[in-house]
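Q: sequence and predicted model, in that order:
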Amino acid sequence: MGNYNTNLAAEFYVLSILHRLGAEAILTLGNKKSVDVVVVRASGDVVTVDVKGLARLPGPLITSVRKTTIS
């Protein structure tokens, strides 16, 4: 599996976990993106998640989570 496919599979995995937990999560698509998953919380806060797919580890690595408030 290529590096791009590994990353995409990891993003879908994290997205599915967030949906199972009841989060409103959205996958961003693009070639050179800095945010992989966006989570909109009930309070109006937005959490962005950067996911890295690693083929030799037991699961995806979440490298960055940022919280922002929409006004």
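A: Perfect, thanks for sending it.
Q: going by C-alpha atoms from here, please, whenever you check contacts or count neighbours.
A: Noted.
Q: just want to check the distance between the residue positioned nearest the centre of the chain and E24.
A: Central residue of the chain (CA atoms, centre = their mean): V37, 3.2 Å from the mean position. V37 sits at a distance of 10 Å from E24 (criterion: CA to CA, to the nearest Å).
Q: before we move on, what about S16?
A: If you go by CA to CA, the gap between S16 and E24 works out to 11 Å.
Q: now swap in L54 and tell me
A: Separation of L54 from E24 (CA to CA): 25 Å.
Q: likewise N7?
A: Taking CA to CA, one finds N7 at 21 Å from E24.
Q: for these two, indicate the residue with more neighbours.
A: Per other CA atoms under 10 Å, whichever of N7 and E24 has more neighbours is N7, with 20 against 14.
Q: quick one, phi psi at that one?
A: N7 adopts backbone torsions of phi -60, psi -40, taken as degrees, to the nearest 10.
Q: wait, it sits on G53?
A: Yes: counting by CA atoms under 8 Å, G53 is a contact partner of N7 at 4.1 Å.
Q: which ones are touching the closest residue to T28 other than its chain neighbours?
A: On the basis of CA to CA, 6 or more residues apart in numbering, the spatially nearest residue to T28 that is not a chain neighbour turns out to be D36, at 5.3 Å. Counting by CA atoms under 8 Å, 6 or more residues apart in numbering, D36 touches E11, L27, T28, L29, T48, V49, D50, V51.
Q: mind redoing it with 7 Å?
A: By CA atoms under 7 Å, 6 or more residues apart in numbering, the contact set of D36 is E11, L27, T28, V49, D50, V51.
Q: the helix or strand that contains E11: what's the following helix or strand?
A: Using DSSP states H and E, E11 falls within helix 3-20. Sequence-wise, the next helix or strand downstream of helix 3-20 (DSSP H and E) is strand 24-27.
Q: just how off-centre is the helix or strand that that following strand is followed by within its chain?
A: Downstream of strand 24-27, the next assigned helix or strand under DSSP H and E is strand 37-40. Centroid separation for strand 37-40 versus its chain: 7 Å, with CA atoms, centre = their mean, to the nearest Å.
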